[in-house]
Every structure is written in structure tokens, then in C-alpha cells.
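Student: Build me a structure from this.
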Amino acid sequence: MSISITLIGEQKNSILTRKGAKSGDGIYVTGIIGSARAALLLNKRNEGYNYFRKSLVKPKPRVMEGIELSKFASSCIDISDGLVKDLKSIAILSNKGFVVDVESVSYTHLTLPPRDLE
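Tutor: Here you go, the predicted structure:
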């Protein structure tokens with residue numbers, strides 16, 4: 001079975017694409033990076049599994065955040081493929097580079113590769 005839905009409407013603010021990044025733009029992330037990956041890494045019997053599983057099977061659309069960001073942002077992307085990979089997509093399409101202060105990025109500690117979990 002396949003279900004397809006099409007929505008048509010108007011956007012009052014600018015429509016954000018992956019190719020609009022400009023020099024000097026900030027990088028903003030909503031939510032905590034790595035929650036869905038944490039669900040994949042955790043054993044189903046682990047007490048944290050159900051908490052992280054919600055991010056994997058029922059991610060919360062951040063509509064209000066998107067509306068606010070569209071007032072000043074120049075591009076956007078979901079980071080379901082990972083922050084680095086998706087930032088690279090924006091950089092390539094916008095013909096720009098980026099610098100990330102990794103110390104300021106919020107993430108779930110369970111997103112470390114399995115060999116680092118002990």
C-alpha cells in the first residue's frame with residue numbers, strides 16, 4: 001500500500017532551500033542531535049530505549065521553530081543523515097564552506113560509536 005499526500009499553500013516568509021547559504025551565516029540546530037541514533041544503539045531492554053525510540057519512529061516536526069527561522073535564515077536542511085553530511089550538502093549547493101565549534105553542539109552522549117561505549 002502506498003499513500004501520497006500533497007499540500008498546497010502560501011508561505012509568507014522566504015522559502016528555505018539547501019542552496020541559499022551566505023558567507024557569515026550562523027548554523028542553528030533545533031533539538032538534540034543523535035537521539036534517533038541512540039535508539040538504534042541501545043538494547044530494547046535498556047531503560048533509556050523508549051525515550052530515544054520516540055525520536056526514531058515519531059520525530060517531532062519543529063514547525064514553529066521553522067517559521068521563526070525562516071524570517072532570517074538563508075537555507076536549511078533536516079539533519080537525519082547526520083550533521084556533517086547534511087552541512088556538506090548545504091556547503092556544496094551554496095558553494096560555501098562552514099566552521100563548526102563542536103564544543104557548542106548539543107548531542108546525546110549515546111551517539112558515540114559502539115566501541116566508545118563502555
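Student: And the helices in this protein?
Tutor: 35-41, 49-57, 63-69, 83-94 (DSSP state H).
Student: buried set for the longest one?
Tutor: So the one you mean is helix 83-94. 83, 86, 87, 89, 90, 94 (16 or more other Cβ atoms under 10 Å). Where C-beta positions appear, they are placed from N, C-alpha and C, glycine not excepted.
Student: For stretch 4-15, which outside residues touch it?
Tutor: The contact list for stretch 4-15, computed with Cβ atoms under 8 Å, 6 or more residues apart in numbering, reads 67, 70, 71.
Student: rerun at 10 Å
Tutor: For stretch 4-15, the external contacting residues (Cβ atoms under 10 Å, 6 or more residues apart in numbering) are 20, 66, 67, 68, 69, 70, 71, 72, 73, 74, 76.
Student: returning to that earlier point: can you lay out the helices of the chain as CSV showing distance to residue 9 and mean pLDDT?
Tutor: As requested, the helices of the chain are exported to CSV (distance: least, Cβ to Cβ, whole Å; pLDDT from 0 to 100):
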stretch, distance to residue 9, mean pLDDT
helix 35-41, 28, 83
helix 49-57, 27, 84
helix 63-69, 12, 86
helix 83-94, 25, 92
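Student: So for residue 28, which of these sits nearest?
Tutor: helix 63-69 (6.4 Å; Cβ to Cβ).
Student: List the residues that contact residue 99.
Tutor: residue 27.
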